[in-house]
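J.: let me see the structure of the following:
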Amino acid sequence: QVQLVESGGGSVQAGGSLRLSCAASGYTYSLYRMGWFRQAPAKEREWVATRTKSRGLTFYDDSVKGRFTISEDNAKNTLDLQMNSLKPEDTAMYYCAAGKSAGTWDYWGQGTQVTVSS
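T.: Model prediction:
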């Protein structure tokens, strides 16, 4: 089992920055990838970014490319999401996720709220 706990959400004005962290514990050696998703009110959950564990490959949704950076702190065993140039449409609950293969997301955190005001 793997446990994921997000932190770092909050409220910020448009153009501002926030950094989210996801603390992973448990059998993290079994993971192939970790990532971030978000869900705005009355909308479906959408993928934001992914980082593979072994090769450190990163992938981003077009809506955040160039503004968000996903990274991993191996010493702290955290997955971070640096969010710059935030827009009101980035407002959502952000979830950390982890998968044991390229085709699955097996573990989820409880989410952290990000609110961007105009």
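J.: going by C-alpha atoms from here, please, whenever you check contacts or count neighbours.
T.: Will do.
J.: for F68, give the beta-bridge partners.
T.: M83 (DSSP bridges).
J.: and what of A97?
T.: A97 has the following beta-bridge partners by DSSP bridges: G35, W108.
J.: burial count for it?
T.: When counting by other CA atoms under 10 Å, one arrives at 28 neighbours for A97.
J.: surely it and M34 touch.
T.: Yes: A97 is in contact with M34 according to CA atoms under 8 Å; the separation is 5.6 Å.
J.: quick one: low-confidence parts of the protein?
T.: Filtered on pLDDT under 70, the chain yields no residues whatsoever.
J.: next one: the residue nearest the centre of it from G56, what distance?
T.: The centroid of the chain falls nearest to W36 when counting by CA atoms, centre = their mean (2.6 Å). Applying CA to CA, to the nearest Å, the value for W36 to G56 is 15 Å.
J.: measure the residue lying closest to M34 once chain neighbours are set aside to A14 for me?
T.: Leaving aside its chain neighbours, M34 sits nearest to A98 (4.2 Å; criterion: CA to CA, 6 or more residues apart in numbering). Distance, A98 to A14, using CA to CA: 29 Å.
J.: who has more neighbours, the two?
T.: Remark: of A98 and A14, A98 carries more neighbours, 27 against 17, as counted by other CA under 10 Å.
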